[in-house]
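> Let me see the structure of the following:
(one chain, ligands or ions: 1)
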Amino acid sequence: MTIEYINGKFLTPGEAAVPVEERGHQFGDGVYEVIRFYGGTGFMLKEHLDRLERSAEEIKIQLKDGIGAIQKIIEEGVERSGMKDCYVYLQVTRGAAPRNHLFPLDTEPSIAMTVKPAVPLPQEKVNEGVSVITHPDERWANCYIKSLNLLPNILAKQTAYEQGCYEAVLHKDGRVTEASSSNIFIVKGDTVITTPLSREILPGITRMAVKDVCDIGAIRLEERHFTVDELKQADEVFVTSTTSEVLPVTKIDEKPVKGGSPGNLTKLIRELFCARTAES
Ligand code: PMP
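Residues are numbered from 1 along each chain as shown. Coordinates of the predicted model:
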């Protein structure tokens with residue numbers, strides 16, 4: 001059963017009314033997380049909570065009862081949902097207050113959450129890979145914060161969708177940063193390459209898991225910048241995210257990646273990743 005939660009209350013879906021002067025709504029003044037539960041366990045839950053805590057800190061939102069209280073809300077929500085495989089979407093905003101750019105005084109942050117059934121990736125996408133477009137990265141300078149402000153991401157993803165593609169791979173000054181809602185990896189020879197962490201990209205939790213499985217599987221991984229040309233000439237390409245897991249990319253701007261089907265290292269990394277989610 002889908003669950004909704006806002007500020008201490010679990011509600012029937014559709015029942016929650018967010019105040020008009022909620023700052024998340026008016027300014028995108030908040031941060032969020034998306035967590036996947038597999039078999040009743042939150043995959044890398046601690047890492048998601050750590051990132052949420054950091055994001056909140058970066059935009060100067062104080063979590064009144066700490067991150068532990070948020071963990072309890074998540075666990076209660078999943079328990080109430082009765083679902084073992086679900087997505088938890090959780091957002092923390094600076095709260096509701098008369099509209100003013102300045103931080104409100106004496107306003108408590110709002111916490112909202114939904115728990116929804118997980119939708120397994122269509123087998124066809126896993127087997128055949130997805131198509132992507134390349135798109136200018138038009139976002140702000142602090143993309144390491146998982147902020148609610150997703151307008152450039154939404155516009156890029158919609159452009160991809162309208163061209164029959166799954167994702168938009170973003171680039172700035174000729175360098176690839178990440179994709180509109182996922183991190184990006186390329187393979188050249190026996191080496192997996194991904195953009196290094198910086199303020200320009202979100203430190204993806206799935207990215208972190210892929211780094212771990214490469215480590216354990218003795219797969220060479222380099223964190224370095226690469227160009228759009230390198231992306232297009234890569235032997236293999238894949239994107240990672242909580243909802244896309246490890247997903248092969250087989251077409252970029254209408255041209256096939258190498259042979260046009262998912263590469264062996266991508267398949268191996270996906271298998272190792274899925275084994276991890278199964279044991280979580
Ligand atoms: N980059 C961006 C811009 C994203 O929105 C996401 C998905 N939240 C990711 C990367 C992947 O992060 P994660 O693996 O933590 O879901």
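> quick one: pLDDT of the spatially most central residue of the chain?
By Cα atoms, centre = their mean, the mean C-alpha position of the chain lies nearest to S241, the distance being 4.9 Å. S241 carries a pLDDT value of 98.
> what's the nearest residue to it if we skip its chain neighbours?
Nearest residue to S241 in three dimensions, chain neighbours excluded: S182, at 3.9 Å (Cβ to Cβ, 6 or more residues apart in numbering). Backbone N, C-alpha and C define where each C-beta goes, glycine included.
> cool, and K146?
S55 is the one closest to K146 (Cβ to Cβ, 6+ apart), at 4.7 Å.
> before we move on, what about L247?
Using Cβ to Cβ, 6+ apart, the closest residue to L247 is V239 (5.3 Å).
> Assumed that neighbour was part of a helix.
No: counting by DSSP: H, G, I helix; E, B strand; the rest coil, V239 is not part of a helix but strand.
> ok, it - contacts?
Taking Cβ atoms under 8 Å, 6 or more residues apart in numbering, we find V239 in contact with V130, V132, E167, V169, A179, S182, N183, I184, F185, L247, V249.
> Identify the farthest-apart pair in the residues you listed.
The distance between the two most remote of the contacts of V239 (Cβ to Cβ) is 14.5 Å, for V130 and N183.
> Contact residues of the stretch 1-150 of the chain facing the ligand?
When proximity is defined as Cβ under 6 Å from any ligand atom, the stretch 1-150 of the chain approaches the ligand at V34.
> what about 8 Å?
Contacts of the stretch 1-150 of the chain with the ligand, taken as Cβ under 8 Å from any ligand atom, map to E33, V34, H48, R51, C143, K146, L150.
> from those, which is closest to F103?
Once Cβ to Cβ is applied, the member of those that ends up nearest F103 is K146, at 19.4 Å.
> returning to that earlier point: so of the residues of the stretch 1-150 of the chain next to the ligand, which ones are in strands?
E33, V34 (DSSP state E).
> Reformat the residues of the stretch 1-150 of the chain next to the ligand as JSON lines; add distance to E162 and neighbour count.
Converted to JSON lines, these look like this (distance: Cβ to Cβ, whole Å; neighbours: other Cβ atoms under 10 Å):
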{"residue": "E33", "distance to E162": "28", "neighbour count": "23"}
{"residue": "V34", "distance to E162": "24", "neighbour count": "16"}
{"residue": "H48", "distance to E162": "31", "neighbour count": "23"}
{"residue": "R51", "distance to E162": "31", "neighbour count": "21"}
{"residue": "C143", "distance to E162": "23", "neighbour count": "20"}
{"residue": "K146", "distance to E162": "26", "neighbour count": "22"}
{"residue": "L150", "distance to E162": "17", "neighbour count": "16"}
